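K.L.:
How does the following fold in three dimensions:
(chains A and B)
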Amino acid sequence: MPAGASAGRRAFLVRLTQGAALAASTGLVWTYVLRNQARATPFALRPPGARPEPEFNALCIKCGQCVNACPYDTLRLATAWEPRPIGSPYFLPRQVPCYMCVDIPCMKACPTGALSPQLTDIRHARMGLAVIDSESCLSWNGMRCEICYLACPVKGKAISIERRPGPEGAYALMVPIVHSAHCTGCGVCEKKCPTQEAAIRVVQADLVKGEMGEHYRLRRDGLALPAQDGAAAPAPPTVSNRRPDKGASVPGLDVLNEGI
Amino acid sequence: MNGQHTPQVPNDRPIRLYTPPATLTGKLWAWRYLILRRFTQLGVLLLFFGTAHWGWQVMGAPLLTGNLSASEFAGLIPMADPFAALQILATRHMLASEVLIGAGIVLVFYTLVGGRMFCAWVCPVNAVSDLAAWLQTRLGWGNALHLQRNLRYYALGLALLLSAATGLAAFEWVSPIAMLHREAIFGVGMGLIGVAGIFLFDLMVLRHGWCGHLCPLGAFYALLGRFAQLRVRFDARTCSRCGECIRVCPEPQVLKLDQAAQAGMVRSGECTNCLRCVPICPEDSLSFDLRPLIRSHNARALE
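P.N.:
Alright, predicted model coming up:
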């Protein structure tokens, strides 16, 4: 092989490696930015009909046609450096909630299908789930507030008022309870809540929603029973209370509840 | 003077350099395409803004809703950024037909008129890049860095690759073009930092650094531009090779005059059809025409 050809091939291989290294390093930084952006997703309440998140993030083209279509100026597009994925639509219920238009104009305006046209009844929308901070809720503190119950567009279904025993010797409490089977996450309750900071607020459902699991059954009156016919319970996540091997007494779990 | 470095000139025309017109009307006439380009760039933005904020309508439907990523005209005609649609398809998610039709409409349009006509006539970043280049010339600063102009094709490939790998439309999530347009229409925010970055990069580091070297959207449209029917016509018989066109061109590599002389036009898809070169040519060798007309014109010239 002539020396020139070998040197040429060598130079070519070096160039190729350099190019691949440039692409790889750029790609790594780029991927990091993308992942960071996508990780902000739990902080964005999406318009009605939004597909579950990995899909929504992929499909939304960030055009803002849903924003223009919203008659209440509920929706906005996230700008850069917000704790929400850039350019994607979201709403802040305490400022402007979703008023649940029956014709769902935002969903109809979506050109990509990120807001799924399979949503035909706005009451089936699941934008989030209202959760109540019973420590600051007026009703849970003995007042007959019930504003969230009265304001709820799925009245009596998404939020019900239920009787709970009050402190000894006092009257019973009439407290709001949210039912995830009906709550659309529109956030009208959060908007109307009269406390200084809303005691009821909408968050993405999977951040707060638990799941009982199939090994529990419900009694006819609604109370739970463990399964009897040997259905194996999945192991709960274990918490180690093993002491560190060295150092004989490290105060920890065993002393925190002393005297109770 | 004659002997040492005479460029290969197919005719014996003496070289005359461009003299800027003295009168204001003359200047405005010389800047006619520049003014028209700023007009369309701002006009497109204004149509989107007016629809979003002032409720502009036509025939009872929103006039132009959305932004450059995807939009709808008069409630009838969908349009979408074909590169954005391609990235989403690369994530292996199926798009609704509306955005696919819209992307097709835009794709056909820019394939016909010259892909990078988007860059020079619609893209809002173009004005930023041009401002930085103008200022750089004014200040007499040179470039701090040299980059190959084909880097943008690698950026294009990387954007598609990362879209497939991350499941997110990779360029759309970081695009300073989309950020600028979105925030101009839907509310100003920190996305303008991206534009400020482009301005500083273009001014301090590399002339037309973003638009002319790195932008994957520009690369995408450059690939479409190969089939463009609107082209800059080049008349080699009158050209004196003074080089004024190359001096003002933001993509000077497209003005390879020997190749252009053979084809009778600027064929490269990287030409943005900005038409800076047309009014500046002292010999009127450059003009703007449809490809079939250029062909027939050239055929007639050969006879």
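K.L.:
Which residue would be the closest one in the stretch 51-200 of chain A to chain B?
P.N.:
A:Thr79 (2.4 Å; CB to the nearest CB). Where you see a C-beta, it was placed from the backbone N, CA and C, and this is true even at glycine.
K.L.:
Okay, A:Leu119 and B:Gly194: tell me how far apart.
P.N.:
A:Leu119 sits 34 Å away from B:Gly194, going by CB to CB, to the nearest Å.
K.L.:
Number of residues surrounding B:Leu230?
P.N.:
B:Leu230 has 16 neighbours, counted by other CB atoms under 10 Å in any protein chain shown.
K.L.:
How much space separates it from B:Glu270?
P.N.:
Distance of B:Leu230 to B:Glu270, given as CB to CB: 15 Å.
K.L.:
Nearest residue to whichever residue of the stretch 101-250 of chain B sits closest to chain A in space, ignoring adjacent ones along the chain?
P.N.:
As assessed by CB to the nearest CB, chain A sits closest to B:Gly189 within the stretch 101-250 of chain B, at 2.4 Å. With CB to CB, 6 or more residues apart in numbering or on different chains as the criterion, B:Gly189 has its nearest non-adjacent residue at 2.4 Å, and that residue is A:Thr79.
K.L.:
so the one you found sits right up against A:Ile86, yeah?
P.N.:
Yes: using CB atoms under 8 Å, A:Thr79 is in contact with A:Ile86, at 7.2 Å.
K.L.:
of the two, who's got more company?
P.N.:
Taking other CB under 10 Å, A:Thr79 and A:Ile86 do not tie; A:Ile86 has more neighbours (26 against 20).
K.L.:
Looks like that one contacts B:Gly191 (just checking).
P.N.:
Yes: look at A:Ile86 against B:Gly191 with CB under 8 Å: they come within range, at 7.3 Å.
K.L.:
residues shared between the contacts of these two?
P.N.:
Listed as contacting both A:Ile86 and B:Gly191 by CB atoms under 8 Å, 6 or more residues apart in numbering or on different chains are A:Thr79, A:Ala80, B:Met179.
K.L.:
Which helix or which strand is home to the second one?
P.N.:
Which is A:Ala80. Applying DSSP states H and E as the criterion places A:Ala80 outside every helix and strand.
K.L.:
Report the mean per-residue pLDDT for stretch A:41-53.
P.N.:
Mean per-residue pLDDT for stretch A:41-53: 91.
K.L.:
If you could redo that for stretch A:68-84, that was the one I meant.
P.N.:
pLDDT averaged over stretch A:68-84 gives 90.
K.L.:
repeat for stretch B:188-196
P.N.:
Mean per-residue pLDDT for stretch B:188-196: 83.
K.L.:
Could you do stretch A:119-133 as well?
P.N.:
95.
K.L.:
Next, the distance between the ends of it.
P.N.:
One end of stretch A:119-133 to the other measures 30 Å (CA to CA, to the nearest Å).
K.L.:
do the same with stretch B:51-71
P.N.:
Stretch B:51-71: ends 11 Å apart by CA to CA.
K.L.:
how far is that stretch from where the chain is centred?
P.N.:
24 Å (CA atoms, centre = their mean, to the nearest Å).
K.L.:
does any bit of that stretch sit next to chain A?
P.N.:
Yes: counting by CB under 8 Å from any CB of the partner chain, chain A has neighbours in stretch B:51-71: B:Thr51, B:Ala52, B:Pro62, B:Thr65, B:Gly66, B:Asn67, B:Ser69, B:Ala70, B:Ser71.
K.L.:
Now compare the residues you listed and name the two farthest from each other.
P.N.:
B:Pro62 and B:Ser69 (16.1 Å; CB to CB).
K.L.:
Just give the closest residue to the residue most central in space within chain B, not the sequence neighbours.
P.N.:
In chain B, the residue lying closest to the centroid (CA atoms, centre = their mean) is B:Cys119, at 2.7 Å. Sequence neighbours aside, B:Thr272 is the residue nearest to B:Cys119 in space, at 4.6 Å (criterion: CB to CB, 6+ apart).
K.L.:
Am I right that A:Pro111 sits in a helix?
P.N.:
No: going by DSSP: H, G, I helix; E, B strand; the rest coil, the assignment for A:Pro111 is coil, not a helix.
K.L.:
Correct me if wrong: it contacts B:Leu100.
P.N.:
No: contact criterion CB under 8 Å: A:Pro111 and B:Leu100 do not qualify, at 9.1 Å.
K.L.:
Which of these two has more residues huddled nearby?
P.N.:
More crowded of A:Pro111 and B:Leu100, by other CB under 10 Å: A:Pro111, with 29 against 19.
K.L.:
Local confidence estimate at that one?
P.N.:
Checking the pLDDT column for A:Pro111, the value is 95.
K.L.:
circling back to that earlier point, next, the residue of the stretch 51-200 of chain A closest to chain B: phi, psi?
P.N.:
Here is the backbone geometry of A:Thr79 (degrees, to the nearest 10): phi -90, psi 180.
K.L.:
roughly how far apart are it and A:Ala58?
P.N.:
Counting by CB to CB, the separation of A:Thr79 from A:Ala58 is 21 Å.
K.L.:
for A:Val188, same thing?
P.N.:
Distance from A:Val188 to A:Ala58, by CB to CB: 30 Å.
K.L.:
what does the stretch 101-250 of chain A put close to chain B?
P.N.:
A:Ala109, A:Cys110, A:Pro111, A:Thr112, A:Gly113, A:Pro117.
K.L.:
Filter those residues down to the buried ones.
P.N.:
Buried subset of those (neighbour count, 16 or more other CB atoms under 10 Å in any protein chain shown): A:Ala109, A:Cys110, A:Pro111, A:Thr112, A:Gly113.
K.L.:
was I right about the second one contacting A:Cys66?
P.N.:
This points to A:Cys110. Yes: contact criterion CB under 8 Å: A:Cys110 and A:Cys66 qualify, at 5.6 Å.
K.L.:
low-confidence ranges in the stretch 151-260 of chain A?
P.N.:
Within the stretch 151-260 of chain A, the ranges that satisfy pLDDT under 70 run A:222, A:224-255, A:257, A:259-260.
K.L.:
So what does the residue lying closest to B:Leu217 once chain neighbours are set aside have for phi and psi?
P.N.:
Leaving aside its chain neighbours, B:Leu217 sits nearest to B:Phe83 (5.4 Å; criterion: CB to CB, 6+ apart). Taking degrees, to the nearest 10, you get phi -70, psi -40 for the backbone angles of B:Phe83.
K.L.:
from what I can see the residue nearest to the centre of chain B touches B:Tyr221, true?
P.N.:
Yes: if you go by CB under 8 Å, B:Cys119 and B:Tyr221 touch, sitting 6.4 Å apart.
K.L.:
which stretches of the stretch 201-303 of chain B form helices?
P.N.:
Assigned by DSSP state H, counting those that start in this stretch, the stretch 201-303 of chain B shows helices spanning B:209, B:216-224, B:244-248, B:257-263, B:277-280, B:291-302.
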